[in-house]
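Asker: Build me a model from this:
(one chain, ligands or ions: 1)
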Amino acid sequence: MKMIKVHGSGNDFFILDEKQVDKNLSEEELKELARRVCDRKTGLHGGSDGILYVTSGHDDSVVGKMRVINADGSEASMCGNGIRTVARYLSEQNNLTDFKIETMYADLEVKKAKDFAPKVTAFDAEISPVSFAASDLKMHIGGKEKLFNEVVPELSKTLKFSAVAVPNPHLITFVNHDELMGPELGRIATYLNNGKNPIFPDGVNVSFVEILADNNIFVRTFERGVGFTNACGTAMSASSLIYSLLYASHTDLEDLITVRNPGGMVNTKVHQREDGSYWMSLIGNATFVAKVELSQERALIGDFTDAKWVATTEQAAYENFVGSL
Ligand SMILES: N[C@H](CCC[C@H](N)C(=O)O)C(=O)O
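Answerer: Numbers count the residues shown, from 1 in each chain. As a prediction, the model looks like this:
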């Protein structure tokens, strides 16, 4: 089978197109393949944060469908960094620059954006739908319908949290630099993703956000189904939305927001539709690191000795870009 190693802001994945498999994958095999390939110690070439499985879409109104399989084999409804790389893959396959990709809950618009730097290709992805409803978040906090900028004593005596689904679930709090870099994010996120806590039984992506300046934030995320990642596109989009609501005197809807993260930088915009609903634009790199060909049968048992790895020259370009930030 053939895959492409990609990343968005250092959040890395293998794109697997259903047309490139050796043999049809069952649901269980797809999840087992993710667990095997993504493992940071025993996986394929250092592993990854997940697999982006590309299949045909529901009809001609979309160019393809993206499914998101986390490194632990769980499936997520959306991946912001990932959809930019799938957009580039489908753009180049179909010679298109502005089209829609089917995801679990919505067909999302993607379009080619201006390169972020030489050989740092960029795409702009719609992040939607957005919901604050506890039911959409699978969140249980004493019957609360919504959680917006409130202390949750079971988590922290001081931090104020907001929860939003975009549509995957995010829990966000604004912190100072010491808190951003401290142990609390790992402690809180590990508890909320332990599969036993009563608040988010299905888990949640947890982000700490530091405001660097107006329209300039730093987002650090512990992802459901993965752990700490270099960046989380839906988290950066969700954090931008909460920022625009909580700090309205420092930013306006449609403003271009710079979002720094441990893996680099993206831009976001927060939009509001006539009906009052929100959606975001997530604009950032879609880097192709390497092409890889390997036996699917052997990959399913964690044997990658036959893998043929052909690197592109894009990673060096991306690292130069990050070095210039
Ligand atoms: N771990 C996430 C899915 C991947 C999202 C992230 N990688 C992004 O770029 O949005 C979840 O289980 O909801």
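Asker: make it CA atoms for all contacts and neighbour counts henceforth
Answerer: Will do.
Asker: which bits of the protein sit near the ligand?
Answerer: Residues of the chain found near the ligand (C-alpha under 6 Å from any ligand atom) are 70, 76, 78-82, 168-169, 223-225, 232-234.
Asker: Restricted to strands, list those.
Answerer: Residues from the residues of the chain next to the ligand lying in strands, with DSSP state E as the criterion: Asn70, Ala76, Pro169, Glu223.
Asker: hey, what's the first one bridged with?
Answerer: To tie it back to what came earlier, the one meant is Asn70. On the basis of DSSP bridges, Asn70 is bridged to Gly50.
Asker: re earlier: with the residues of the chain next to the ligand in mind, which one is nearest to Phe116?
Answerer: Asn81 (14.6 Å; C-alpha to C-alpha).
Asker: Test my guess that that closest one contacts Val6.
Answerer: No. Taking C-alpha atoms under 8 Å as the definition, Asn81 is not a contact partner of Val6, at 9.8 Å.
Asker: so what sits against both of the two?
Answerer: Jointly contacting Asn81 and Val6 under the rule C-alpha atoms under 8 Å, 6 or more residues apart in numbering are Ala286.
Asker: Give me the number of neighbouring residues for the closest residue to Glu145 other than its chain neighbours.
Answerer: Excluding the flanking residues, the one nearest Glu145 by C-alpha to C-alpha, 6 or more residues apart in numbering is Ala134, at 5.1 Å. As a burial measure, Ala134 scores 20 neighbours (other C-alpha atoms under 10 Å).
Asker: Repeat that for Asn95.
Answerer: 10.
Asker: which ones are touching it?
Answerer: Asn95 neighbours (C-alpha under 8 Å, 6+ apart): none.
Asker: Tell me the backbone dihedrals of it, please.
Answerer: Backbone geometry at Asn95, expressed as degrees, to the nearest 10, gives phi 50, psi 50.
Asker: State the distance from it to the ligand.
Answerer: 24 Å (C-alpha to the nearest ligand atom, to the nearest Å).
Asker: How about Ile141?
Answerer: In terms of C-alpha to the nearest ligand atom, Ile141 sits 19 Å off from the ligand.
Asker: does the residue lying closest to Lys5 once chain neighbours are set aside count as helix, strand or coil?
Answerer: Among residues not flanking Lys5 along the chain, Phe14 sits closest, at 4.6 Å (C-alpha to C-alpha, 6+ apart). Under DSSP: H, G, I helix; E, B strand; the rest coil, Phe14 falls in the strand class.
Asker: unless I'm mixing things up, Val204 is touching Glu223, no?
Answerer: Yes. If you go by C-alpha under 8 Å, Val204 and Glu223 touch, sitting 7.2 Å apart.
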